[in-house]
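Colleague: with the sequence up front, the predicted model follows.
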Amino acid sequence: MDAPQYTHLEQRYGAHNYHPLDVVLKRGEGVWVWDVAGIKYLDCLSAYSAVNQGHCHPRIMQALIEQARTLTLTSRAFRNDQLGLFYQELCALTRSHKVLPMNSGAEAVETAIKAVRKWGVVEKGVAEGKAEVIVCRNNFHGRTITIVGFSTDGDSRKGFGPFTPGFKVIPFGDARALEEAITPHTVGFLVEPIQGEGGVIIPPSGYLRDVRRICSNHRVILILDEIQTGLGRTGRLLAEAHDNIEADLTLIGKALSGGFYPVSAVLSNREVLGVLKPGDHGSTFGGNPLACAVSRMALKVLVEEGMIENAAQMGAYFLEGLRQIRSPLIREVRGRGLLIGMELDPEAGGARAYCEKLMEKRLLCKETHRHIIRFAPPLVIDRDTIDWALERIADVFDK
Ligand SMILES: *Cc1c(COP(=O)(O)O)cnc(C)c1O
């Protein structure tokens, strides 16, 4: 079968909830992927930062195969020999006290919202049904009804109501707005350290430190959604490290499995997760031995193979190279580590056409919002490959 035939099957039988670039991929290795005709591309999206460790990392693959042969799923009705080790290693790495494992990112977000609401009732004395969570404009936290209910993106919400009450939206990057929005009913503030889907929006320096202080002063749980920014993407294990702060709850997912398997987790620095009792919350697949074995190795290679430091160094190099490209089409290039956004001038007519041009040059990336291209290759990329990419990006814009 050829690419048009695969595309036809998807379009004929699948829901059209995505508008992918027309490339049908078949194989991946490190930063490279191949389409069904054997053409090789550089992956500059990394499955929205879920394959930070590179495609089909051999050590993670080995862990997957070995565990798949041994034991895959027990449910949490019984204990398994991987879960405790996963908890211990994840807590040691992230300096957390407790972990709650789930599968998708959206489930981690939902779990955090449940935990802070209950914490509010049990620990802060907020009346049942009155708890408020503050979120930011232009957020992206996933696709469930509750989460899209507090999205400010029209397409994400339209037609899906009624929504879950109890959320208040404030501007991103504005610590004073947070202070003003807090009431005695506020139990949590949910925020991304950098808004990834929102267009790689980096808040003003000092913002997260102010947010940390305000949350502590008002007994509000600070929930950082690091599902995209975490696990090395910004050049630190967690993006909170750039501001030297610690969230009360940290959400991770995506690269937690190196792209092999859906695994997410809520990390707790205070005893927020302690309010959950047996029967309060759960997931059939959350914390299963296959997920745990894969994640343990995904974390191990991230650290042992120097991927976090590489993200910092290669990210700075890539950013600098992109900033050298002189083009009236480019309005701004911004980023931290290997999470980079290139904002195009509205005159350019939208980023999609440029992603298509880059694809013709064997570079895969995706627009986020209308005018922004995100460059977020796997964290194993090297200098020569970045030079290769820069040459092609310059070709598309340098005129
Ligand atoms: C991708 C993402 C999510 C949702 O994760 P899913 O696994 O797609 O449910 C939540 N928050 C952020 C910041 C993300 O980038």
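Modeller: Nice, thanks for sending it over. Owing to the predicted nature of the structure, the values given are computational and were not obtained by experimental measurement.

Colleague: next one, pLDDT for the residue nearest to P378 when sequence neighbours are not counted please.
Modeller: Of all residues not flanking P378 in the chain, G54 sits nearest, at 4.2 Å (C-beta to C-beta, 6 or more residues apart in numbering). All C-beta atoms are positioned from the backbone trio N, CA, C, and that covers glycine. At G54, the model reports a pLDDT of 98.

Colleague: same check on L73?
Modeller: pLDDT, L73: 98.

Colleague: the residue of the stretch 51-200 of the chain found nearest the ligand - nearest residue in space that isn't next to it in sequence?
Modeller: Nearest to the ligand in the stretch 51-200 of the chain, going by C-beta to the nearest ligand atom, is G105, at a distance of 2.1 Å. Leaving aside its sequence neighbours, G105 sits nearest to G253 (C-beta to C-beta, 6+ apart; 3.7 Å).

Colleague: ok, that neighbour - contacts?
Modeller: A50, M102, S104, G105, A108, I227, P262, V263, S264, A265 (C-beta atoms under 8 Å, 6 or more residues apart in numbering).

Colleague: how many residues are close by the third one?
Modeller: It stands for S104. 19 (other C-beta atoms under 10 Å).

Colleague: now do the fourth one
Modeller: Taking other C-beta under 10 Å as the criterion, the count of residues near G105 is 26.

Colleague: if I look at it, how far off is G142?
Modeller: 5 Å (C-beta to C-beta, to the nearest Å).

Colleague: can you check the second one too?
Modeller: When distance is defined by C-beta to C-beta, M102 is 11 Å away from G142.

Colleague: returning to what we had before: my read: the residue nearest to P378 touches T385, true?
Modeller: No: with contact defined as C-beta atoms under 8 Å, G54 and T385 do not form a contacting pair (11.3 Å).

Colleague: quick one: name the residues of the chain near the ligand.
Modeller: 48, 104-106, 109, 140-142, 192, 196-197, 225, 227-228, 253-254 (C-beta under 6 Å from any ligand atom).

Colleague: can you give me the strands in the stretch 201-350 of the chain?
Modeller: Secondary structure of the stretch 201-350 of the chain, counting by DSSP state E, counting those that start in this stretch: strands at 221-225, 249-252, 264-268, 330-336, 339-344.

Colleague: stretch 250-262: end-to-end distance?
Modeller: The first residue of stretch 250-262 is 17 Å away from its last residue (C-alpha to C-alpha, to the nearest Å).

Colleague: just for the stretch 151-300 of the chain, where's the confidence low?
Modeller: Counting by pLDDT under 70, the stretch 151-300 of the chain shows no low-confidence range.

Colleague: which residues sit in contact with whatever residue of it ends up closest to the ligand?
Modeller: Nearest residue of the stretch 151-300 of the chain to the ligand: Q228, at 3.3 Å (C-beta to the nearest ligand atom). Contacts for Q228 were tallied using C-beta under 8 Å, 6+ apart; they are Y48, S49, E192, I194, G196, E197, K254, L339.

Colleague: how about a cut-off of 6 Å?
Modeller: Contact analysis of Q228 by C-beta atoms under 6 Å, 6 or more residues apart in numbering lists S49, G196.

Colleague: distance of it relative to Q195?
Modeller: Q228 is 9 Å from Q195, by C-beta to C-beta.

Colleague: what of G149?
Modeller: Noted for G149: a distance of 18 Å to Q195, by C-beta to C-beta.

Colleague: alpha carbons only: can I get the lengthiest helix in the chain in PDB?
Modeller: In terms of residue count, the longest helix belonging to the chain (DSSP state H) is helix 307-324. Extracted in PDB, the C-alpha atoms of helix 307-324 (Å, rounded to 0.1, in the frame of the first residue of the first chain):
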ATOM      1  CA  MET A 307      19.600  14.300  27.700                       C
ATOM      2  CA  ILE A 308      18.600  17.100  30.000                       C
ATOM      3  CA  GLU A 309      22.000  18.900  29.700                       C
ATOM      4  CA  ASN A 310      21.900  18.200  26.000                       C
ATOM      5  CA  ALA A 311      18.500  19.900  25.800                       C
ATOM      6  CA  ALA A 312      19.900  23.000  27.500                       C
ATOM      7  CA  GLN A 313      23.000  23.200  25.200                       C
ATOM      8  CA  MET A 314      21.400  22.200  21.900                       C
ATOM      9  CA  GLY A 315      18.400  24.300  22.700                       C
ATOM     10  CA  ALA A 316      20.500  27.500  23.200                       C
ATOM     11  CA  TYR A 317      22.400  26.600  19.900                       C
ATOM     12  CA  PHE A 318      19.100  26.000  18.000                       C
ATOM     13  CA  LEU A 319      17.500  29.200  19.300                       C
ATOM     14  CA  GLU A 320      20.500  31.300  18.400                       C
ATOM     15  CA  GLY A 321      20.600  29.800  14.900                       C
ATOM     16  CA  LEU A 322      16.900  30.500  14.400                       C
ATOM     17  CA  ARG A 323      17.400  34.100  15.500                       C
ATOM     18  CA  GLN A 324      20.100  34.500  12.900                       C
END
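
Colleague: which other helices and strands contact it?
Modeller: strand 330-336, helix 383-397 (3 or more C-beta pairs under 6 Å, 6 or more residues apart in numbering; DSSP states H and E).

Colleague: and if we set it to 8 Å?
Modeller: strand 330-336, strand 339-344, helix 383-397 (3 or more C-beta pairs under 8 Å, 6 or more residues apart in numbering; DSSP states H and E).

Colleague: where do the helices sit along this structure?
Modeller: With DSSP H as the criterion, the chain has helices spanning 3-13, 46-49, 58-70, 83-94, 105-119, 145-149, 154-157, 175-181, 207-217, 289-304, 307-324, 352-360, 383-397.

Colleague: hang on, the earlier thing: next one: the residue of the stretch 51-200 of the chain closest to the ligand from D280, what distance?
Modeller: 21 Å.

Colleague: swap in H8?
Modeller: 46 Å.

Colleague: for stretch 371-384, what does the pLDDT average out to?
Modeller: Here the average pLDDT along stretch 371-384 is 98.
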